[in-house]
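> sequence-free structure coming up:
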């Protein structure tokens with residue numbers, strides 16, 4: 001009976017090949033997923049950085065008149081309208097002397113977030129805010145500082161991990 005149970009527990013050649021094939025396919029899929037995810041994250045980072053720079057340039061033009069006339073309320077209205085679109089998480093407008101005219105959002109403190117993955121993605125994607133001078137007739141009259149919004153990329157990471 002002992003020889004029979006030992007022979008019975010041995011896998012047939014076909015079952016061994018199936019097991020090896022399954023392990024190979026799963027390994028190849030995991031490696032492909034890691035490669036695609038890493039490539040996507042690098043592309044997202046480049047896209048996000050360029051997008052934030054372009055956004056800061058556009059916002060600086062929208063705020064030009066408010067900064068020239070030192071109208072904090074007009075600057076705040078502009079930031080409110082643009083900020084509602086979810087393209088940036090915070091914005092600070094200062095005049096040429098560094099005095100704050102308007103501030104929108106939570107600021108640069110991502111430590112308030114409780115989700116460690118979201119903090120990690122945000123820190124990697126937007127390591128520092130983007131600063132853009134506000135120009136009037138070619139003369140610097142102020143500065144806009146934008147901090148990027150990472151909700152889209154964080155959502156992508158969660159979806160990628162859930163597959």
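Great, that's in hand. Everything quoted here is computed from the prediction, not taken from an experiment. Residues are numbered from 1 along each chain as shown.
> measure residue 88 to residue 153 for me?
To residue 153, residue 88 is 14 Å away according to C-beta to C-beta, to the nearest Å. C-beta coordinates here come from the backbone N, C-alpha and C atoms, glycine included.
> higher neighbour count, the two?
Between residue 88 and residue 153, counted using other C-beta atoms under 10 Å, the more crowded position is residue 88 (25 against 22).
> for the residue lying closest to the more buried one once chain neighbours are set aside, what are its contacts?
In space, residue 88 comes closest to residue 146 once its chain neighbours are excluded; the distance is 4.6 Å by C-beta to C-beta, 6 or more residues apart in numbering. By C-beta atoms under 8 Å, 6 or more residues apart in numbering, the contact list for residue 146 reads 52, 55-56, 59, 88, 90-91, 129-130, 132.
> neighbour-wise, which one of these leads?
residue 91 (27 neighbours).
> from memory that residue sits against residue 101, does it?
No - contact criterion C-beta atoms under 8 Å: residue 91 and residue 101 do not qualify, at 10.9 Å.
> by contact count, what packs against the longest helix belonging to the chain?
For the chain, the helix with the greatest residue count under DSSP state H is helix 13-62. Packing contacts for helix 13-62, counted by 3 or more C-beta pairs under 8 Å, 6 or more residues apart in numbering; DSSP states H and E, involve helix 72-83, strand 88-95, helix 116-125, strand 130-136, strand 139-148, helix 151-162.
> run the angle between the shortest one and strand 88-95 for me.
With axes from the mean of the first three to the mean of the last three C-alpha atoms, to 10 degrees applied, the angle from strand 130-136 to strand 88-95 works out at 40 degrees.
> any idea of the mean pLDDT for strand 130-136?
When pLDDT is averaged over strand 130-136, the result is 96.
> in its sheet, what does that strand sit against?
Strand 130-136 has its sheet partners listed here by DSSP bridges as strand 139-148 (antiparallel).
> so which bits of the strand it pairs with are buried?
By neighbour count on 16 or more other C-beta atoms under 10 Å, the buried set for strand 139-148 is 141-148.
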